[in-house]
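K.L.:
got a predicted structure here, sequence first:
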There are 2 protein chains.
Amino acid sequence: MHKPSTVGLISGTGDQGQGIALRLAAAGNTLSLGSRSAERAGQTARRINQKIGEERVRGMDNHELVAGCEILFLTVPFAHVEQVINEYRQEFSEGQILVDVTVPVVFDKGPQLLNLESGSGAEHLQSLLPSGLSLVAAFKTLPAHLLVEIDSPLACDEFICSDSSSAKTRVLEVVSQIASLRWIDAGGLRYSRSLEAITLLEIALNRRYRVKEARMQVVGL
Amino acid sequence: MHKPSTVGLISGTGDQGQGIALRLAAAGNTLSLGSRSAERAGQTARRINQKIGEERVRGMDNHELVAGCEILFLTVPFAHVEQVINEYRQEFSEGQILVDVTVPVVFDKGPQLLNLESGSGAEHLQSLLPSGLSLVAAFKTLPAHLLVEIDSPLACDEFICSDSSSAKTRVLEVVSQIASLRWIDAGGLRYSRSLEAITLLEIALNRRYRVKEARMQVVGL
């Protein structure tokens, strides 16, 4: 068996970062969690390790994390992705995989998707990447605060897509053990448009039905 | 109780038209099924009545149908919607509801959504409608050939959206009795963008996983 990829979450101290770190660590992965402040990252990592009762998450400065991990989850809001890519541009290296978990939603008379020339947030992000890196879209349609509630089963499907099959395979190796979650391979990166449109619908349904955890399951697969 | 709306399917002899007519009739609705050829419409209607063992569907010429029904399902491929609206423009009348079940998919290196200025097929169709008519989007994410297989339970969710709440309510009165199908109110017509993007994903998943009936269920509602 080959060595598992090293995994890090860039700016993983927010809701979505903590949630993904929790679910990944609870599934048996070791990983690094980054922040601009190594101290803050360390605090979040300790909290996660306490929750799962194992020492699997290590906090560190984002720069160190980006320089050292093979698979990098970009757990910042979409509005910050461009700035983050530019800020750590020197630390990225050939062969790394960036996992985009963001959705370009803005609120203006209800939720709206940003009208991006590239088609989707993920495709926009791909256009910003340093050469030699692969982009994978995942975790786009799972409610962040449900990820954090580690005792609540996800009980749904989640989608992954990328133009790089090998990058998709490596990310699936990391995420596939998350409990009560089925991963669906949605194909190439252009299907991120559908995934982001699903998230928009979920946000709208949460507001309309006064719930918080609308998510998807594909029937017939 | 108020009188139920009269229901018709414009050019309902195709797969999707037959499927919707079958499911609606099996749920207890009486309805009209149109075609350019009244004879062909009559044949399809008889076949549906035989399948459900009741006389609930009547075939007729599209012109007669459009002039006589309050709720009209536009069961033609998206490529034909503009032509159909223009062809029957004289027969439409104020207060009618048009139900858009189409998705603007084209195939070019896999399925693609047409890039429409209005945002979605449904919004494009709304821009073509004679004034005084309401547009409702529904049945966009259900596989047509599953609708036809009346003995197969749908066992999923289907979405409805419209800028007219009253039109949505009237359509829901008609469709809500379909067996093993939960209707989800997705809100205003702009959410048809998400519904069409879901259908695109379903088509891609059907091809990728070599299945035919990928469809959606919302978890957490």
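P.N.:
Happy to help now that I have it. Numbers count the residues shown, from 1 in each chain, chains lettered A, B, ... in the order given.
K.L.:
so how far is A:A137 from A:L31?
P.N.:
Plainly put, A:L31 is 19 Å away from A:A137 if you go by CB to CB, to the nearest Å. All C-beta spots, glycine's among them, are computed from the backbone N, C-alpha and C.
K.L.:
so between these two, which is more surrounded?
P.N.:
A:A137 (30 against 23; other CB atoms under 10 Å in any protein chain shown).
K.L.:
next, the more buried one: secondary structure please.
P.N.:
Assigned with DSSP: H, G, I helix; E, B strand; the rest coil, A:A137 falls in the strand class.
K.L.:
what strand or helix carries the residue nearest to A:E55 when sequence neighbours are not counted?
P.N.:
In space, A:E55 comes closest to A:N49 once its chain neighbours are excluded; the distance is 5.3 Å by CB to CB, 6 or more residues apart in numbering or on different chains. Using DSSP states H and E, A:N49 sits within helix A:38-52.
K.L.:
helix or strand right after that helix?
P.N.:
Beyond helix A:38-52 toward the C-terminal end (DSSP H and E), the next one is strand A:57-61.
K.L.:
for that next one, packing partners?
P.N.:
strand A:31-35, helix A:38-52 (3 or more CB pairs under 8 Å, 6 or more residues apart in numbering or on different chains; DSSP states H and E).
K.L.:
for those, state which one has the densest average packing.
P.N.:
Comparing the helices and strands packed on strand A:57-61 by mean neighbour count (mean count of other CB atoms under 10 Å in any protein chain shown), strand A:31-35 ranks first with a mean of 27.
K.L.:
pLDDT score assigned to A:P4?
P.N.:
A:P4 is assigned 79 on the pLDDT scale.
K.L.:
for the one 5 residues further on, same thing?
P.N.:
According to the model's per-residue confidence, A:L9 sits at a pLDDT of 98.
K.L.:
pretty sure it sits against A:A25.
P.N.:
No. A:L9 sits out of contact with A:A25 when judged by CB atoms under 8 Å, with a separation of 10.6 Å.
K.L.:
buried residues in the longest helix seen in chain A?
P.N.:
If you go by DSSP state H, chain A has its longest helix at helix A:192-208. Going by neighbour count (16 or more other CB atoms under 10 Å in any protein chain shown), the buried part of helix A:192-208 is A:192-206, A:208.
K.L.:
what mean pLDDT does it have?
P.N.:
On average, helix A:192-208 scores 98.
K.L.:
tell me the angle of that helix relative to helix B:192-208?
P.N.:
130 degrees (axes from the mean of the first three to the mean of the last three CA atoms, to 10 degrees).
K.L.:
for helix A:192-208, name the packing helices and strands.
P.N.:
By 3+ CB pairs under 8 Å, 6+ apart, helix A:192-208 packs against strand A:105-107, strand A:111-113, helix A:121-128, strand A:156-162, strand A:181-187, strand A:215-219, strand B:181-187, helix B:192-208.
K.L.:
in a markdown table, list these along with distance to B:C161.
P.N.:
Shown next, in a markdown table, are the helices and strands packed on helix A:192-208 (distance: least, CB to CB, whole Å):
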| stretch | distance to B:C161 |
| --- | --- |
| strand A:105-107 | 18 |
| strand A:111-113 | 14 |
| helix A:121-128 | 23 |
| strand A:156-162 | 22 |
| strand A:181-187 | 23 |
| strand A:215-219 | 17 |
| strand B:181-187 | 4 |
| helix B:192-208 | 6 |
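K.L.:
B:T102: which of these is closest?
P.N.:
Each of the helices and strands packed on helix A:192-208 has some distance to B:T102 by CB to CB; the shortest is helix B:192-208, at 8.9 Å.
K.L.:
and stretch A:156-174, does that touch chain B?
P.N.:
Yes. Stretch A:156-174 is in contact with chain B by CB under 8 Å from any CB of the partner chain, via A:C156, A:F159.
K.L.:
can you report how many residues lie near A:E94?
P.N.:
The burial count for A:E94: 8, using other CB under 10 Å.
K.L.:
checking it next. Helix, strand or coil?
P.N.:
Taking three-state DSSP, the label given to A:E94 is coil.
K.L.:
who touches it in this structure?
P.N.:
A:S131, A:G132, A:L133 (CB atoms under 8 Å, 6 or more residues apart in numbering or on different chains).
K.L.:
put the alpha carbons of the helix holding A:N49 into PDB.
P.N.:
This file holds the C-alpha atoms of helix A:38-52, laid out as PDB (Å, rounded to 0.1, in the frame of the first residue of the first chain):
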ATOM      1  CA  ALA A  38      -0.400  29.300  14.900                       C
ATOM      2  CA  GLU A  39      -1.700  29.700  18.500                       C
ATOM      3  CA  ARG A  40      -5.300  29.900  17.300                       C
ATOM      4  CA  ALA A  41      -4.800  26.900  15.100                       C
ATOM      5  CA  GLY A  42      -3.400  25.000  18.000                       C
ATOM      6  CA  GLN A  43      -6.400  25.800  20.200                       C
ATOM      7  CA  THR A  44      -8.900  24.600  17.500                       C
ATOM      8  CA  ALA A  45      -6.800  21.500  17.000                       C
ATOM      9  CA  ARG A  46      -6.900  20.700  20.700                       C
ATOM     10  CA  ARG A  47     -10.600  21.200  20.800                       C
ATOM     11  CA  ILE A  48     -11.100  18.800  18.000                       C
ATOM     12  CA  ASN A  49      -8.800  16.200  19.500                       C
ATOM     13  CA  GLN A  50     -10.700  16.400  22.700                       C
ATOM     14  CA  LYS A  51     -14.000  15.900  20.900                       C
ATOM     15  CA  ILE A  52     -12.800  12.700  19.200                       C
END
